[in-house]
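Undergrad: Need a 3D model of the sequence below.
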Amino acid sequence: VAASGGVNLHDASFGSFPGVQSCCSSFGTQWTPTVGIAGIVEHDGHGLASIPIALQLRMGLTQLGGTLTRDEFIGNVIVGDSLVRGISRHQLEATLWAVSAEPLLRFLLPTHPAFSFDVGARFDWIAVARFAQQEQLTNPAAGVYFETRNRTRNATSGSIPTAAAFGAALSAGMSYSIPLTSRWTLRPELRGSLGITRLADVPWHIHRIVAGIAFLHRPESIQPTVAPPAPIVEPPPPPLAFDVETRVLGIHRSSGDTSIVELPARRIERRSMVLPVVFFAPQSATLDSAAEQQLDALARAAQSSSAPIHLAPSTAPDEPDSLRLLRFRAVAERLRALGVRVAPSPIEAPQPAQAPLAITDELRAVWIKTSDPLVLRESFVVPTSQPSVEVVLRPVVHSSAGPVRFDLTVVQDGRQTMHTQSAPAAMRVELAPGSLLSGTPTAYRWTVVAMDTAGQTKQRSGYGIVRPQFIERDTAFEELDRGGALLLGRCAFDATTFEEFDTTLAAFVRRAARAGKTVVLIGSTDAIGSDSYNRALARRRAEAARERLGLSPQAVQIEVQIGGPHERTLYQRVARRGVFVRIEGR
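TA: Prediction:
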């Protein structure tokens, strides 16, 4: 037995029955509720092209009627002082009951026999075919009437004229069988039918969509047809199928196959203040090898300056004044050949009123004058921590014949770094950080080979790139050549004022002092003069540097250094005159 409920779809392209007065033009397409009940007889055990088939016959009652309505504009009416649209509602209540017979073919899915689809036809004997109709004014709500002095008209009822005695429809449906016991089965179903005959001598077809529940009882005497057992054929093993989920740990962001790891770093700037002088042999304007090297260093330092440099030639008391111009030309031509802008005319070099005999050889020179000290610089970034980047591989098996073994091979930057047999379910690979620490991207490729107990193998591989990004936290200064203290300012012979002062380095020293670092100022002199005088001069130079830095006496430590036998050249002697600085962490 089956009980169902759903909706009827009335395709009613008519407004009235033959011989029945009505002003309706057409009811159109409308939905109405419906119910039905039927008894079921079913015989299974049949088949078509390896598809199981059951024969089914349903006999029952089908409700085909419903209430059809149609609102129509009948004209404008005057209510009080207003013009109102007149609307009337046509209503047709059809009472239609049919005794139905429905033969069906039910097809069971071979892979899921509980699911089935059926097709067939329904034949109806229309046992009850009555109607009741009326037309009612719905707008305006009051004050207006039909010619009958009433708000309704064309009210009539009775048997449907020219009603068809029989009807037919095509049907289809689907169901799912739920065994309750060995004999009882519950079967939810969804069904539909397409009416192919008219219900009266008007264009009126009825289609149905219903959902229902069927209860089926299998008598004990009825046994299902059992096919002879098929020969036992060993099924092939399921194919080996797997994927590998990948995740990269220790990175900050990623885009596609490229991951970015941020490394805190410190910028190291190595700098050396170039001595702004070129010395000549007595009575000579020729550049020797030492002077050539000095000019090369000056040219490299001057590349970052757009302002021209000025040259101040000088001569010793025993040399002719004409050597000044010759020395100017020699230095200017050499610097211009090295790409340095040089002012076209020499400037006067400061001449001491009475130069000590010990520094007379320092007067045979050309001094280079610039607005800022000439400094050789090298800059690079050094990471302050070591990255830890790890690639996690997790195989996911979709199908296999028995347990699966995995072999892992990893290649980083073209070199195999790992080969593991019988790898664990979650494989972790830590990348070597050497390339990342040097600022170079590192590329890796992994290959996972799976094998199940049936000997089937499958391979998956992937690759990725990890790029380092240095995040500069601070800057440190180092001496380019000496590897120790940095020259902060240079002084003339026997002076405590600065001929040149490195303001960039001074700003770094002030920041270091505010950060609590130990600032060591080293006053330095050449070896000319007495040791006690030179030590006092070196301390005065260091104090002058401290005052120019604006640091308190408690914020700095002062040391002195005096030249000695290692001052083999004039350049080494002059380079000793000034103040050096060293930063020490606390």
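
Undergrad: Could you use CA atoms for every contact and neighbour count after this?
TA: Fine.

Undergrad: Who are the packing partners of the strand of greatest length in the chain?
TA: Criterion DSSP state E: the longest strand present in the chain is strand 82-108. Contacts defined by 3 or more CA pairs under 8 Å, 6 or more residues apart in numbering; DSSP states H and E place strand 82-108 against strand 51-63, strand 66-79, strand 115-139.

Undergrad: contacting residues around the helix or strand where residue 504 lies?
TA: Per DSSP states H and E: residue 504 is located in helix 503-514. Among residues not part of helix 503-514, those counted as contacts by CA atoms under 8 Å, 6 or more residues apart in numbering are 477, 488, 518-519, 549, 551, 555, 583.

Undergrad: that older thread, out of the helices and strands packed on strand 82-108, which gets the lowest mean score?
TA: Least confidently modelled of the helices and strands packed on strand 82-108 is strand 66-79, at a mean of 80 by mean pLDDT.

Undergrad: neighbouring strands for that one, and are they parallel or not?
TA: strand 82-108 (antiparallel) (DSSP bridges).

Undergrad: so what's residue 14 closest to, chain neighbours aside?
TA: In space, and not counting its chain neighbours, residue 14 is closest to residue 26: 4.5 Å by CA to CA, 6 or more residues apart in numbering.

Undergrad: so the one you found sits in a helix?
TA: No: Residue 26 is assigned coil when assessed by DSSP: H, G, I helix; E, B strand; the rest coil, not a helix.

Undergrad: On the pLDDT front, check it for me.
TA: So, for residue 26, pLDDT stands at 83.

Undergrad: Burial check on it, number of neighbours?
TA: Neighbourhood size, residue 26 [other CA atoms under 10 Å]: 15.

Undergrad: List the buried residues for stretch 424-440?
TA: Within stretch 424-440, the residues scored as buried using 16 or more other CA atoms under 10 Å are 428-429, 431-433, 435-437, 439.

Undergrad: picking that back up, what are the buried residues along the helix holding residue 504?
TA: 505-506, 509-510, 512-513.

Undergrad: between those residues, which is closest to residue 458?
TA: Of all these, residue 512 has the smallest distance to residue 458: 60.9 Å, by CA to CA.

Undergrad: circling back to that earlier point, specify the stretch among the helices and strands packed on strand 82-108 that is closest to residue 94.
TA: strand 115-139 (4.5 Å).

Undergrad: Run me through the strand neighbours of that closest one, direction for each.
TA: strand 82-108 (antiparallel), strand 152-159 (antiparallel), strand 166-176 (antiparallel).

Undergrad: Check for me that residue 330 belongs to a strand.
TA: No: assessed with three-state DSSP, residue 330 is helix; it does not lie in a strand.

Undergrad: since we're on it, how many residues are nearby?
TA: Other residues near residue 330 come to 14 when the count uses other CA under 10 Å.

Undergrad: List the residues that contact it.
TA: Residue 330 neighbours (CA under 8 Å, 6+ apart): 285-287.

Undergrad: Separate out the buried members of these.
TA: For the contacts of residue 330, a burial check counting by 16+ other CA under 10 Å picks out 285, 287.

Undergrad: quick one: the helices in this structure?
TA: Here the chain has its helices, by DSSP state H, at 289-302, 322-337, 434-437, 503-514, 531-549, 570-575.

Undergrad: I'd assumed residue 185 was in contact with residue 179.
TA: Yes: assessed by CA atoms under 8 Å, residue 179 is found in contact with residue 185 at 4.4 Å.

Undergrad: Compare those two and say which one has the larger neighbour count.
TA: Legend: neighbour count by other CA under 10 Å for residue 179 and residue 185, higher for residue 185 (17 against 13).

Undergrad: who's the more buried one bridged to?
TA: The partner residues for residue 185, given DSSP bridges, come to residue 179, residue 216.

Undergrad: farthest residue from the center of the protein?
TA: What lies farthest from the middle of the chain is residue 318; by CA atoms, centre = their mean that is 78.2 Å.

Undergrad: okay, the strands paired with strand 115-139 in JSON lines with mean neighbour count next?
TA: JSON lines is the format used below for the strands paired with strand 115-139 (neighbours: other CA atoms under 10 Å):
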{"stretch": "strand 82-108", "mean neighbour count": "19"}
{"stretch": "strand 152-159", "mean neighbour count": "15"}
{"stretch": "strand 166-176", "mean neighbour count": "19"}
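
Undergrad: any chance of the ones you listed in a markdown table, with mean pLDDT and distance to residue 274 too?
TA: As requested, those are exported to a markdown table (pLDDT from 0 to 100; distance: least, CA to CA, whole Å):
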| stretch | mean pLDDT | distance to residue 274 |
| --- | --- | --- |
| strand 82-108 | 86 | 97 |
| strand 152-159 | 83 | 115 |
| strand 166-176 | 91 | 95 |
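
Undergrad: Quick one: closest of the ones you listed to residue 229.
TA: With CA to CA as the criterion, residue 229 lies closest to strand 82-108 of the strands paired with strand 115-139, at 19.5 Å.

Undergrad: Now do the contacts for residue 211.
TA: 4-6, 188-191.

Undergrad: what's the farthest-apart pair in those residues?
TA: Counting by CA to CA, the most remote pair of those is 6 and 188, 13.6 Å apart.

Undergrad: And the pLDDT for the closest residue to residue 12 other than its chain neighbours?
TA: Closest residue to residue 12 apart from its sequence neighbours, by CA to CA, 6+ apart: residue 204 at 4.5 Å. Residue 204 is assigned a pLDDT of 87 by the prediction.

Undergrad: quick one, domains of the chain?
TA: Following automatic domain parsing, one finds the domains of the chain at 2-217, 241-266+384-473, 277-363, 485-586.

Undergrad: any chance of those domains in JSON lines, plus distance to residue 374?
TA: Listed next are these as JSON lines, based on distance: least, CA to CA, whole Å:
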{"stretch": "domain 2-217", "distance to residue 374": "88"}
{"stretch": "domain 241-266+384-473", "distance to residue 374": "24"}
{"stretch": "domain 277-363", "distance to residue 374": "5"}
{"stretch": "domain 485-586", "distance to residue 374": "9"}
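
Undergrad: out of the ones you listed, which comes closest to residue 234?
TA: Nearest to residue 234, of the domains of the chain and by CA to CA, is domain 241-266+384-473 at 13.5 Å.

Undergrad: Now do that closest one: distance to the chain's middle.
TA: Distance, stretch centre to chain centre, for domain 241-266+384-473: 19 Å (CA atoms, centre = their mean, to the nearest Å).

Undergrad: Same question for stretch 548-560.
TA: Using CA atoms, centre = their mean, the offset of stretch 548-560 from its chain centre is 53 Å.

Undergrad: Name the residues of that stretch that are buried.
TA: Buried-residue list, stretch 548-560, by 16+ other CA under 10 Å: 551, 555-556, 558-560.

Undergrad: now do stretch 237-252
TA: Across stretch 237-252, burial judged by 16+ other CA under 10 Å covers 240, 242, 244, 248-249, 251.

Undergrad: okay, now residue 580: neighbour count?
TA: Residue 580 has 24 neighbouring residues, counting by other CA under 10 Å.

Undergrad: What's the per-residue pLDDT of the closest residue to it other than its chain neighbours here?
TA: Closest residue to residue 580 apart from its sequence neighbours, by CA to CA, 6+ apart: residue 487 at 4.3 Å. Looking at residue 487, its pLDDT is 91.

Undergrad: from now on call the first residue 50
TA: Sounds good: first residue 50 from here, last item residue 536.

Undergrad: Surely residue 370 and residue 377 touch.
TA: No: proximity of residue 370 to residue 377 does not meet the contact threshold set by CA under 8 Å, at 11.8 Å.
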